[in-house]
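[1] Model the structure of this input:
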Amino acid sequence: MKMNMDVKKKFDVSGKTIVLTGAAGLLGEQYAEGLSQVGANVILTDVNFKKCKEKCVELEKKYSVQPLPIKLDLTKSTSIRDMVKKVLKKYDKIDVLINNAAYQGNDKLRTTQFEKLPLKNWNQAIDVNLTGIFLCCQEIGKVMVKQKKGIIINIASTYGLVAPDQRIYGNSGQNSAVFYAATKSAILNLTRYLASYWQGKGIRVNTLSPGGVEKNQEAGFRKKYSDKTMLGRMANKDEYIGPIIFLSSDASSYMTGSNLIVDGGWTAW
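    Just a heads-up that it's a prediction; the model follows:
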């Protein structure tokens, strides 16, 4: 039987307009780089506008794409609305939204005892990690409904699925604070809700749950973490680009309301 299948076309994101929050972060930079390399026009948004501008210059020169840097404060609805207006003015469409930005707190905060965690930091995490995603989905969702198509990818974490194993952290500063775990878990069901809400409208909503990334942490911590994964190591920072391209493309066309776990087997045993 002859099959009319064009696999390259299924993974093709060239010319797509992709809004990426948290673009100045470790993984945000990787997503921007990978998507630009395959021809997407990435809107790099972050409170760190300077870094987004520098990265856009680099991406445009390397890949002949049309990236756009925008300063974005996810705690302010006016900032999100202004961002959407700027994107539509330049591109006339938004194909993909990647909600990547997240507040994790500093090393001191991540090692603070739960009983002593300041309420202001809990609220800050809710504002950025959850309300910020809600507002982005709301504003860009309006655009996608009018377009009758669109893709939303919410970045969660393995710690939205399971509790952090406190035994491997100690005072490493790599600890996951309670607000991070709580918000990442909430993202999973926000994704399911929106996928259900927009069913039949041409909008797909999925979650990506990555595991820990190697970034020159203390050797003892890396070993303890790696021992808990089936692959025996932490992720390299570029290993989430493949899943992002998959979720941003027609290769995932039969996938919505789902959570793609890429964690080296951390949560599988």
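
[2] what about the helices in the stretch 1-150 of the chain?
    For the stretch 1-150 of the chain, the helices defined by DSSP state H, counting those that start in this stretch occupy 7-10, 26-37, 49-63, 77-91, 107-110, 119-125, 132-147.

[3] Now tabulate the ones you listed in JSON lines and tack on distance to Thr158 and mean pLDDT.
    C-beta: built from backbone N, CA, C; applies to glycine. Output for the helices of the stretch 1-150 of the chain, formatted as JSON lines (distance: least, C-beta to C-beta, whole Å; pLDDT from 0 to 100):
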{"stretch": "helix 7-10", "distance to Thr158": "28", "mean pLDDT": "95"}
{"stretch": "helix 26-37", "distance to Thr158": "14", "mean pLDDT": "98"}
{"stretch": "helix 49-63", "distance to Thr158": "26", "mean pLDDT": "98"}
{"stretch": "helix 77-91", "distance to Thr158": "27", "mean pLDDT": "98"}
{"stretch": "helix 107-110", "distance to Thr158": "16", "mean pLDDT": "82"}
{"stretch": "helix 119-125", "distance to Thr158": "17", "mean pLDDT": "96"}
{"stretch": "helix 132-147", "distance to Thr158": "18", "mean pLDDT": "98"}
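
[4] most packed of those helices?
    helix 26-37 (a mean of 21; mean count of other C-beta atoms under 10 Å).

[5] got the angle for that one vs helix 49-63?
    If you take axes from the mean of the first three to the mean of the last three C-alpha atoms, to 10 degrees, helix 26-37 sits at 30 degrees to helix 49-63.

[6] nearest to Arg204, of the helices of the stretch 1-150 of the chain?
    helix 132-147 (9.7 Å; C-beta to C-beta).

[7] For stretch 123-135, measure first residue to last.
    Stretch 123-135 has an end-to-end distance of 16 Å (C-alpha to C-alpha, to the nearest Å).

[8] so which of the helices of the stretch 1-150 of the chain gets nearest Thr256?
    Nearest to Thr256, of all those, is helix 132-147, at 12.8 Å by C-beta to C-beta.

[9] What's the first helix or strand after that closest one?
    strand 150-155 (DSSP states H and E).

[10] Paired strands for that next one, with orientation please.
    strand 96-99 (parallel), strand 203-210 (parallel) (DSSP bridges).

[11] what's in contact with the first one?
    Spelled out, that is strand 96-99. With C-beta atoms under 8 Å, 6 or more residues apart in numbering as the test, strand 96-99 has contacts from 13, 16-21, 31, 40, 132-133, 136-137, 140, 150-155, 187, 244, 248.
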